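Asks: Quick check, what structure comes out for this input:
(4 chains)
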2 protein chains.
Amino acid sequence: MSGLRLNAAITVDLVVLTVRGDQLQVLLVRRGAAPFKGRWALPGGFVEEREDLATAAARELREETGVAPGGAHLEQLATYGAPGRDPRGRVVSTAYLAFLPDMPQPVAGSDAAAASWVEVEALLGASPTRLAFDHTQILRDGVERARSKLEYTSLAAAFCRPEFTVAELRRIYEAVWGTPLDPRNFHRKVTSAERFIEPVGATTRRVGGRPAQLFRVGGATLLTPPLLRPDRG
Amino acid sequence: MSGLRLNAAITVDLVVLTVRGDQLQVLLVRRGAAPFKGRWALPGGFVEEREDLATAAARELREETGVAPGGAHLEQLATYGAPGRDPRGRVVSTAYLAFLPDMPQPVAGSDAAAASWVEVEALLGASPTRLAFDHTQILRDGVERARSKLEYTSLAAAFCRPEFTVAELRRIYEAVWGTPLDPRNFHRKVTSAERFIEPVGATTRRVGGRPAQLFRVGGATLLTPPLLRPDRG
DNA sequence: AGCTTATTCGTCATCTTGACGATAAGGCGA
DNA sequence: TCGCCTTATCGTCAAGATGACGAATAAGCT
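Replies: Sure thing, here's the model as predicted:
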């Protein structure tokens, strides 16, 4: 290996976001071993020999959620390598960000003893639950990335089932941004945007209220002009 | 060290961009040793023991350009860890993106035998010069990040000297985006944006044409609504 | 003084947004 | 069956932003 000094352990951590019950939630696991034993943490693990970073992230995602690669949006978030972030030594972790639709079934296929969805607000709000390592910061960065990408991409649909209504899509924006949106203006914006969403033809049947048209994602990946969040001084 | 297996070598690579002569240019070094000996590459190097990733990037930037930390915009770009990207073994590299004003003095303080500014167009255009490792892809990602951030942040000013004219700022946009902009509409946009740039009071003296007002950056870091590039499908 | 050059100010039609009224289309109870 | 309730969808209107372009301004140069 011509004198290459391996100077770090490389891991991946996952920020898996979903919207359930109009709340933005993140998948956490409870650590079973030191360090930070018993503390909530982002799922993750070591990158295997000859394994790409993205592949490792997809593998971890499948192990924790049962979601097959390609079944969810998965993108690299950032890499964290502060010297003291892991008491065991030099651990450099590349975080990945995943968007999942609300799974009807519970978190399946998880090998971790305790994995569960936790409200993001409870972790980043006024009196936050402390996470292991620097995972609070990683989560903060992931949520900010998600909020920002909703503005100018069609990624909100990654939180939805393949067919969805405009109102469902709107509730994704409202949950991720933590802000109510005007249903009429939102409807106008997303239906008039070129190839953003396209009607399926069918409608929902529902308990109360007018049936809604079903849509699926259009080909467009970018939303121009963007849909800017309110406020944000 | 409780059984922590160091499974990778961690490095940082730098995408240092500047605008010189109305062209977007990137700082490259010529490799003096195998692998890819003699090939152009992004500057970079191994992360030292107990050194943060961002610190390592700032150190490399200073070693290559003489620019002190804080003297340039520096942000993490992405991390590249494909198994075969370095023939010497498992090398995971975190790329950082830096924006520099056009330095009047040549690239100073460089320890590399040959470091020089190269037109980005010559590297990413129709018949690109091949770079070492996966550096062409890293450069592509860095340039796309730069193009995108000009749209909604005030980072274009990071390419300028502390005091600059509206036209200088416009030429930054034109060089990075590779697209001409209407001087009158650009002027209206940047001068009317809240706290984006603020007048210094002085004006330039120049060989031909009306003297221009000098500006410095305002407090705003975000540009709302954004300044979208033309075209872009 | 006129010419050249680059900056800055105006105008106007078009597009987009935010606020909000009005209508449509189902279920449900009386 | 008839209103009523709820949610979805369509319209309107003023304010703001944009793209295209004309015009005025303020220097240096010949």
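
Asks: just for chain A, where's the confidence low?
Replies: Within chain A, the stretches with pLDDT under 70 are A:1-3, A:106-113, A:232-233.

Asks: Counting neighbours, which bits of the longest strand along it end up buried?
Replies: Identified as the longest strand of chain A according to DSSP state E is strand A:9-20. Buried residues in strand A:9-20, counted by 16 or more other Cβ atoms under 10 Å in any protein chain shown: A:9-19. Every residue, glycine included, has its C-beta placed from N, CA and C.

Asks: and the helix ranked longest in chain A, what other elements does it pack with?
Replies: Secondary structure of chain A per DSSP state H: the longest helix is helix A:135-152. With contacts defined as 3 or more Cβ pairs under 8 Å, 6 or more residues apart in numbering or on different chains; DSSP states H and E, helix A:135-152 has these neighbours: strand A:9-20, strand A:23-30, strand A:73-80, strand A:91-100, helix A:120-124, helix A:166-177.

Asks: Could you export it as CSV, CA atoms only?
Replies: The C-alpha trace of helix A:135-152 is given here as CSV (Å, rounded to 0.1, in the frame of the first residue of the first chain):
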residue,chain,number,x,y,z
HIS,A,135,-25.6,14.6,16.3
THR,A,136,-27.6,17.6,17.4
GLN,A,137,-25.6,19.7,15.1
ILE,A,138,-25.8,17.2,12.3
LEU,A,139,-29.6,17.1,12.7
ARG,A,140,-29.7,20.9,12.7
ASP,A,141,-27.8,21.0,9.4
GLY,A,142,-29.9,18.3,7.9
VAL,A,143,-33.2,20.1,8.8
GLU,A,144,-31.9,23.4,7.5
ARG,A,145,-30.9,21.7,4.2
ALA,A,146,-34.3,20.1,3.9
ARG,A,147,-36.1,23.4,4.6
SER,A,148,-33.9,25.2,2.0
LYS,A,149,-34.3,22.5,-0.7
LEU,A,150,-38.1,22.6,-0.5
GLU,A,151,-37.8,26.2,-1.7
TYR,A,152,-36.3,25.5,-5.1
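
Asks: ok, back up a step: could you list which of the buried residues of strand A:9-20 also contact chain B?
Replies: Contacts with chain B within those, counted by Cβ under 8 Å from any Cβ of the partner chain: A:9-10.

Asks: So which of the buried residues of strand A:9-20 is the closest to DNA strand C?
Replies: residue A:19 (21.1 Å; Cβ to the nearest atom of the strand).

Asks: ok, and the closest non-adjacent residue to the closest one?
Replies: residue A:175 (4.5 Å; Cβ to Cβ, 6 or more residues apart in numbering or on different chains).

Asks: before we move on, back to that, contacting residues around the longest helix of chain A?
Replies: A:13, A:15, A:17, A:24, A:26, A:41-42, A:77-78, A:80, A:93, A:95, A:97, A:99, A:120, A:123-124, A:128, A:130-131, A:155-156, A:172-173, A:176-177, A:222-224, A:226-229 (Cβ atoms under 8 Å, 6 or more residues apart in numbering or on different chains).

Asks: about what we covered before: was I right about the residue nearest to residue A:19 contacting residue A:24?
Replies: Yes: assessed by Cβ atoms under 8 Å, residue A:175 is found in contact with residue A:24 at 4.9 Å.

Asks: Max pairwise distance over the buried residues of strand A:9-20: which two?
Replies: Taking Cβ to Cβ, the two most distant members of these are A:9 and A:19; they sit 33.5 Å apart.

Asks: Quick one: name the residues of chain A near DNA strand C.
Replies: A:182, A:184-185, A:188-189, A:203, A:205-211, A:225-228, A:230 (Cβ under 7 Å from any atom of the strand).

Asks: please redo it, this time with the cut-off set to 6 Å
Replies: By Cβ under 6 Å from any atom of the strand, the residues of chain A that approach DNA strand C are A:182, A:184-185, A:189, A:207-211, A:225, A:228.

Asks: what's across from the nearest residue to residue A:44 once chain neighbours are set aside in the sheet?
Replies: Residue nearest to residue A:44 in three dimensions, not counting chain neighbours: residue A:13, with 3.6 Å by Cβ to Cβ, 6+ apart. Counting by DSSP bridges, residue A:13 is bridged to residue A:44, residue A:95.

Asks: Distance check, residue A:13 against residue A:131.
Replies: From residue A:13 over to residue A:131 the distance is 11 Å, taken as Cβ to Cβ, to the nearest Å.

Asks: Quick one: neighbours of residue A:126, just the number.
Replies: 6 (other Cβ atoms under 10 Å in any protein chain shown).

Asks: no, scratch that, I was asking about residue A:160
Replies: Using other Cβ under 10 Å, residue A:160 has 21 other residues around it.

Asks: What of the one 3 residues further on?
Replies: With neighbours defined by other Cβ under 10 Å, the count for residue A:163 comes to 13.

Asks: ditto for residue A:66
Replies: Residue A:66: 15 neighbours (other Cβ under 10 Å).

Asks: Repeat that for residue A:143.
Replies: The burial count for residue A:143: 21, using other Cβ under 10 Å.

Asks: Could you check how far it is from DNA strand C?
Replies: Going from residue A:143 to DNA strand C by Cβ to the nearest atom of the strand, to the nearest Å gives 22 Å.

Asks: if we can go back for a sec, for residue A:13 and residue A:131, list the residues in contact with both.
Replies: Common neighbours of residue A:13 and residue A:131 (Cβ under 8 Å, 6+ apart) are residue A:42.

Asks: Go through stretch A:172-192 and flag the buried ones.
Replies: Here stretch A:172-192 shows A:172-177, A:181, A:186, A:189-190 as buried, counting by 16+ other Cβ under 10 Å.
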